[in-house]
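In: I'd like to go over a predicted model; first the sequence, then the structure.
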Amino acid sequence: MDTDLDDAHTDYTSLRTRPVPTGCAESEADWRHRLQHDTPGGHLLAHNAMTRTLTDGGPIHLMHTTTALDAIRASGQLYASSGCLLAALYCAPLTETPAGLRPHNLGAYLLQNKPHTRTLLIEITPTAPTPAKGIDYLRLGHLHLHTYLNHRSFLTEAEDTRLRRKALHQIRTTAPFLDMALANATRRRTAPGTFVDQLASAAQYLPFLGYVYFEVLSEYLMLHSTSAETKAYAAAGEMNNRLFKRLAFSAVSGMDKLFDLSRFHPGHQRLHDLINGIEPRLAPGAAQYTRDRLSHLLTALALEPGQDAAAFTFRDQDFDSLTRTAPSLLGQTLFREMRILERYPQLYLAFEQAKALRAWNYWNSHQIATPFNGFLPKGEIGINPACPTATFTVWLAETCERGLLHPVDELDVAFAPRMADLSMTAMRRDATGKAAGHPAVV
């Protein structure tokens, strides 16, 4: 069993939950129950159109948008890329209707807002029902850390020293906030507004906090929204992806061009204004939800279960101690710092292909042909390019006036168990063509 990847996969249809550090006021099961049963949209966690399609064993239809159609035709290959799906080709679900294939609201958004792309329609026929296990990229810290430790020889001594020093500096600099989060997870509460302001400040030094902050708010919006739009999507078995898109694009200038969550760090008043502009009814509770949910989630993500959250402190920790007590947080921090190394475009495949091989092996062992983003089953789904059993057919597709997809040209392409080169991806690119990342404060 690959324990790093097993821990990183979530199945809301299962009773299995992970242990949390001792001293936490609530367990993962407590939060699971609250999210599923005490929110208007909670039923969609375990019962949604995407996971129903995966688990019924029939053909699966997905759409993928690309700017590289000519290159795909010429090579005859489709590659995976990294990101929230780790090592899969990023797609959105399609639902069969008598008039054509209807995109999930995530896919409809992509079609409306990426007019310069072409759309591929992909049919996957698995040999057995796919488990409803999604990969939670917030839980990939162990994998990031172990990949770094096993492949340090690819770095120069200066690069390795810089990477370790900056990761440690970020965690030490934000230790007061990290300790505050631990305190809140153990019921030593901070005022919600103060907590959010401290979070916003710390996220500018520790990029991973921006990702956790954003996902917590996405969860809050998608599970608590009662708008007519959200209800219409829920009736189709879908979470409302428009909510988190509006949040991201309103919060950070240029996020529609460079979706880099290290830049997401609104303070308390800004958070209230953002949520008020999306769904006013939810604005008053946003800060408290952020405090309670992020404190628990960050504690569970950061510390090993054997640690006592009530007694632990991040102050004065050294690199070796963090590898034992907080390996996931250290791994996430190293990963984001590595992405801004000068040589990262050359190092990318060395580190990301290593993770991909483990991911493909895990998915194949569990018969997962279509891994999805499992922090929330919101429709971000991918294709495992190394799956040996499923049958894949790919078409170029066109969209009709009703917004439905129709196949127009079958492509002679195959999936290759290889990561796309960084230059071929749209993974968080900055103006210089390098992978984006928050510049650490030294």
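Out: In hand now; what should we look at?
In: tell me the phi and psi of the closest residue in space to residue 139 that isn't next to it in sequence?
Out: Spatial nearest neighbour of residue 139, chain neighbours left out: residue 8 (4.1 Å); criterion: CB to CB, 6 or more residues apart in numbering. Using the backbone N, CA and C atoms, a C-beta is placed for each residue, glycine as well. Dihedral pair for residue 8: phi -80, psi 0, per degrees, to the nearest 10.
In: residue 8 reaches residue 144, doesn't it?
Out: No: with contacts counted by CB atoms under 8 Å, residue 8 stays clear of residue 144, the gap being 10.4 Å.
In: neighbour count for these two, which is higher?
Out: Between residue 8 and residue 144, residue 8 has the larger neighbour count (other CB atoms under 10 Å), namely 25 against 22.
In: got the contact list for that one?
Out: Neighbouring residues of residue 8 by CB atoms under 8 Å, 6 or more residues apart in numbering: 135-137, 139-140, 142-143.
In: so which of those residues belong to helices?
Out: Assigned to helices by DSSP state H, the following of the contacts of residue 8 qualify: 142-143.
In: please convert the contacts of residue 8 to TSV, extending it with pLDDT, distance to residue 43 and neighbour count.
Out: Converted to TSV, the contacts of residue 8 look like this (pLDDT from 0 to 100; distance: CB to CB, whole Å; neighbours: other CB atoms under 10 Å):
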residue	pLDDT	distance to residue 43	neighbour count
135	97	22	26
136	97	20	18
137	97	24	21
139	98	23	21
140	98	27	23
142	98	31	20
143	98	31	25
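In: tabulate the CA atom coordinates of the strand or helix carrying residue 200 in CSV.
Out: Residue 200 is part of helix 192-203 when elements are defined by DSSP states H and E. Extracted in CSV, the C-alpha atoms of helix 192-203 (Å, rounded to 0.1, in the frame of the first residue of the first chain):
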residue,chain,number,x,y,z
PRO,A,192,-13.1,35.5,13.9
GLY,A,193,-12.0,38.9,12.5
THR,A,194,-8.7,38.8,14.2
PHE,A,195,-8.1,35.2,13.0
VAL,A,196,-8.8,36.1,9.4
ASP,A,197,-6.6,39.2,9.5
GLN,A,198,-3.7,37.1,10.9
LEU,A,199,-4.4,34.4,8.3
ALA,A,200,-4.2,37.0,5.5
SER,A,201,-0.9,38.3,6.8
ALA,A,202,0.6,34.9,7.2
ALA,A,203,-0.5,33.7,3.8
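In: show me what whatever helix or strand comes next after it is packed against.
Out: Moving toward the C-terminus from helix 192-203, the next helix or strand (DSSP H and E) is helix 208-224. If you count contacts as 3 or more CB pairs under 8 Å, 6 or more residues apart in numbering; DSSP states H and E, helix 208-224 packs onto helix 192-203, helix 241-251, helix 268-278, helix 286-302, helix 327-338.
In: mind checking which of those helices is nearest residue 75?
Out: When the helices and strands packed on helix 208-224 are compared by CB to CB, helix 327-338 sits nearest residue 75, at 27.8 Å.
In: hmm, who's touching that closest one?
Out: By CB under 8 Å, 6+ apart, the surrounding residues in contact with helix 327-338 are 138-146, 148, 163-164, 166-167, 170-171, 206-208, 262, 301-304, 319, 322-323, 344, 347, 351, 437-438, 440.
In: whichever strand or helix holds residue 61: partners in the sheet, and parallel or antiparallel?
Out: If you go by DSSP H and E, residue 61 is part of strand 60-66. Taking DSSP bridges as the criterion, strand 60-66 forms sheet pairs with strand 89-97 (antiparallel), strand 118-125 (antiparallel).
In: what's the average pLDDT for it?
Out: Strand 60-66 carries an average pLDDT of 96.
In: that one: how far from the chain's middle?
Out: In terms of CA atoms, centre = their mean, to the nearest Å, the centre of strand 60-66 is set 18 Å apart from its chain centre.
In: quick one: contacts of that strand?
Out: So strand 60-66 is contacted by 53-54, 72, 89-96, 101, 103, 107, 110-111, 114, 117-126, 130, 369-370, 381, 383, 397, 405 (CB under 8 Å, 6+ apart).
In: likewise stretch 267-282?
Out: Stretch 267-282 is contacted by residues 192-194, 196-197, 200-201, 217, 220-221, 224-227, 243, 246-247, 250-251, 266, 283-284, 286-287, 290 when judged by CB under 8 Å, 6+ apart.
In: between the contacts of residue 8, which is closest to residue 311?
Out: Looking across these and measuring by CB to CB, the closest to residue 311 is residue 142, at 22.5 Å.
In: list the contacts of the closest one.
Out: 3-4, 7-8, 327-328, 331.
In: same thing but 10 Å
Out: Applying CB atoms under 10 Å, 6 or more residues apart in numbering, we find residue 142 in contact with 2-5, 7-8, 304, 327-328, 330-332.
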